[in-house]
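Engineer: one predicted model, sequence on top.
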Amino acid sequence: QLKDKLEKVHQTRMQGRAARQKASIPTVSLVGYTNAGKSTLFNILAKSDVYAADQLFATLDPTLRRLEWDGIGTVVLADTVGFVRNLQHDLVESFKATLEETLEATLLLHVIDSSSHDMLDQIEAVEGVLKEIGADAPVLRVYNKIDLSGEEAKIIYSEPHVPDRVYVSAHSGLGLDLLRQAVQECLMGQLQHFSLVLKPAYGKLRTQLYALNVIQSE
C-alpha cells in the first residue's frame, strides 16, 4: 500500500514542476533524515500547518507552498519525504521517485538533527542518496534542535556571502531569522540582474514580470 502511494506521488507531480520551470520560479526544497524537523521548519517558513509527525514517511507527497521572499520575489518551498537507512528493497526506487523535487531545486536545505547521536551517519545517508539520484543543487545545511544540542544560533560561511550552514531551533525559534537571511543570500548569489527597456506595446510582458515579483525597480 505504501509503495502504491509512493508511485501515485511520482505520477502526479510533473505538470506542476513544468509550470514552475517555464515561469523560472526558484524552488527551495527541504530534505533531511526522518525526525530531523523538516516539516516543522517548513510550517514556520511557509506559515502553514503541514502535518509534522515523528514517524516514517509522515510526508509522502512533497508539500509545495508559493511565497514571497524578501529581496528575492516569488519562491516555491517544497517539503519532501524523510530519509531513512536500510529501506526495504522494493521501496527504494519508489522512495527515490518522491525526491524528484530535489532534482529541479534551486537550493536544497538539508535539515539535520544536531542533537542526534547518529548525526554524522544520518548526514552521510542523506547526502549519499542525493548524490545517487543526481541532485546537484547548492546545499545549505540547517542544523536544527540547537535547544537540545546546546549550539549557538549562527551562520557559518564557506566564503563571503556564501552560507555553508546555519544553526537553528524550530521548536524555540532560535536562529530562524538567520535561516531566512542565509536562504536569501544563497538565492541572491544565483540570481542574474538585467536592465530592460520596454516599449508601451509590451505592457503584457511588464504585467507578467510584476506577477513574478522579479522587478527590483522601475
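Structural biologist: Received it, and whenever you're ready, just let me know what you need.
Engineer: hmm, T102 and G134 touching each other?
Structural biologist: No. Judged on Cβ atoms under 8 Å, G134 makes no contact with T102 at a distance of 9.2 Å. For the C-beta atoms, the positions are set from N, CA and C on the backbone; glycine is no exception.
Engineer: between the two, who's got more neighbours?
Structural biologist: Neighbour count, other Cβ atoms under 10 Å: between G134 and T102, T102 has more, with 24 against 8.
Engineer: in space, what's closest to the more buried one - neighbours in sequence excluded?
Structural biologist: For T102, the nearest residue in space outside its immediate sequence neighbours is A135; the separation is 4.2 Å by Cβ to Cβ, 6 or more residues apart in numbering.
Engineer: the bottom helix or strand of the protein by mean pLDDT?
Structural biologist: Here the helix or strand of the chain ranked lowest by mean pLDDT, DSSP states H and E is helix 14-23, holding a mean of 45.
Engineer: which intervals of this structure have sub-threshold pLDDT?
Structural biologist: 1-24, 48-62, 86-98, 101, 190-194, 196, 208-217 (pLDDT under 70).
Engineer: for it, which segments are assigned as strands?
Structural biologist: When assigned using DSSP state E, the strands of the chain occupy the ranges 27-32, 63-69, 73-79, 107-113, 139-144, 154-159, 162-167.
Engineer: out of these, which comes closest to N43?
Structural biologist: Nearest to N43 among the strands of the chain is strand 73-79 (8.8 Å), distances taken as Cβ to Cβ.
Engineer: for that closest one, which strands pair with it and how are they oriented?
Structural biologist: strand 27-32 (parallel), strand 63-69 (antiparallel) (DSSP bridges).
Engineer: next up, the contacts around V183.
Structural biologist: With contact taken as Cβ atoms under 8 Å, 6 or more residues apart in numbering, V183 is in contact with V28, W69, L107, L109, L140.
Engineer: repeat for K199
Structural biologist: With contacts defined as Cβ under 8 Å, 6+ apart, K199 has no neighbours.
Engineer: neighbours around E68, how many?
Structural biologist: 9.
Engineer: shouldn't it be in contact with V76?
Structural biologist: No. Using Cβ under 8 Å, E68 is not in contact with V76; the gap is 11.2 Å.
Engineer: on that earlier part again, of the contacts of V183, which is the most crowded?
Structural biologist: Neighbour-wise, these (other Cβ under 10 Å) top out at L109, 27 neighbours.
Engineer: can you tell me how far that residue is from G150?
Structural biologist: If you measure L109 against G150 using Cβ to Cβ, to the nearest Å, the figure is 22 Å.
Engineer: who's in contact with I112?
Structural biologist: Neighbour list for I112: G32, Y33, A36, M119, Q122, I123, R141, V142, Y143, N144 [criterion: Cβ under 8 Å, 6+ apart].
Engineer: L64: which of these is nearest?
Structural biologist: The shortest gap between L64 and any of the contacts of I112 belongs to G32, at 16.9 Å (Cβ to Cβ).
Engineer: how about the nearest residue to that closest one, chain neighbours excluded?
Structural biologist: Ranked by Cβ to Cβ, 6+ apart and with sequence neighbours excluded, the top spatial neighbour of G32 is V111, at 3.5 Å.
Engineer: ok, what's across the strand from the residue lying closest to A105 once chain neighbours are set aside?
Structural biologist: Distances taken as Cβ to Cβ, 6+ apart put S29 closest to A105, at 4.0 Å, once the chain neighbours are dropped. The bridge-partner assignment for S29, based on DSSP bridges, gives A78, L108.
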